[in-house]
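Chemist: quick one: sequence and predicted model below, then my questions.
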Amino acid sequence: MAAQLTFKSIKSVVPLLDRVLVQRFKPETKTAAGIFIPTSATTSPLPEATVIAVGPGAPNKEGVVVPPNVKPGDRVLLPGWGGNSIKLGEDEYHLFKDAEILAKIQE
């Protein structure tokens, strides 16, 4: 039995320490030519995501809080697997540590 969430909006989730809340991009289900791609071909998660929220940062060895390298709205490159997933309705979000994010995408 799946756990029931007690919050109604993802905006009420505030990451702690150096955690980053992201939403992965959904794979395209139709090509530019209009051909539908079967779901079996789009099961692996895309490595890109949008940052939804970030924590204040984690203390280093000296006790100084180091802020995360990303901010809400940034596009980031994620590892293929990992993070803790949070499902709210049909949307799925993931919590990653700041150090697990591979890159920030700048366009």
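Modeler: The structure has been received and is ready for your questions.

Chemist: what residue ranges in the chain score low on pLDDT?
Modeler: Confidence mapping of the chain against pLDDT under 70 gives the ranges 1-8, 27-46.

Chemist: quick check, central residue of it?
Modeler: For the chain, the residue nearest the mean C-alpha position is Val22 (2.1 Å; CA atoms, centre = their mean).

Chemist: my read: Leu88 touches Ile10, true?
Modeler: Yes: contact criterion CB atoms under 8 Å: Leu88 and Ile10 qualify, at 5.5 Å. For every residue, glycine as well, the C-beta is placed using N, CA and C.

Chemist: list the contacts of the closest residue in space to Leu102 that isn't next to it in sequence.
Modeler: What sits nearest to Leu102 in space, not counting adjacent residues and going by CB to CB, 6 or more residues apart in numbering, is Leu77, at 4.5 Å. Leu77 makes contact with 47-48, 101-105, according to CB atoms under 8 Å, 6 or more residues apart in numbering.

Chemist: Lys61 too?
Modeler: Lys61 makes no contacts at all, as judged by CB under 8 Å, 6+ apart.

Chemist: could you measure it against Glu48, distance?
Modeler: In this view, Lys61 and Glu48 are 33 Å apart by CB to CB, to the nearest Å.

Chemist: re earlier: so how far is Pro15 from the residue nearest to the centre of the chain?
Modeler: Per CB to CB, Val22 is found 10 Å from Pro15.
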